[in-house]
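next one to model:
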Amino acid sequence: MTLTTEDARLEFHCPSCDAGYKVVRVAKESGKAYRPVHCRVCRGPLPATEGDDVLKYFLVRRPANTSRPGSE
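Numbering: from 1, shown residues only. The predicted structure is shown next:
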């Protein structure tokens, strides 16, 4: 996974569809299981954790070639 830092914010692009996300890292709670995370656009898998952190994704940009359902 490749996260880039820009002004203390983390950016991530879905490897399947190139949707853009801002990512927030939160410390893991010991003994807690974490569910898989999926892209809100293409439903491709995204990493739920990295090291001792849980990753929370906020969609900030849809890929140019993807339209919203029902927008036709």
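
give me the pLDDT value at the residue positioned nearest the centre of the chain.
In the chain, the centroid-proximal residue (C-alpha atoms, centre = their mean) is residue 57; its distance is 3.9 Å. Per-residue pLDDT puts residue 57 at 95.

list the beta-bridge partners for it.
residue 23 (DSSP bridges).

how much space between it and residue 37?
Residue 57 sits at a distance of 6 Å from residue 37 (criterion: C-beta to C-beta, to the nearest Å). (Glycine included, C-beta is placed from N, CA and C.)

common neighbours of these two, please.
residue 46 (C-beta atoms under 8 Å, 6 or more residues apart in numbering).

the residue nearest to the centre of the chain reaches residue 38, doesn't it?
No - taking C-beta atoms under 8 Å as the definition, residue 57 is not a contact partner of residue 38, at 9.5 Å.

shared neighbours of these two, anything?
Counting by C-beta under 8 Å, 6+ apart, the shared contacts of residue 57 and residue 38 are residue 46.
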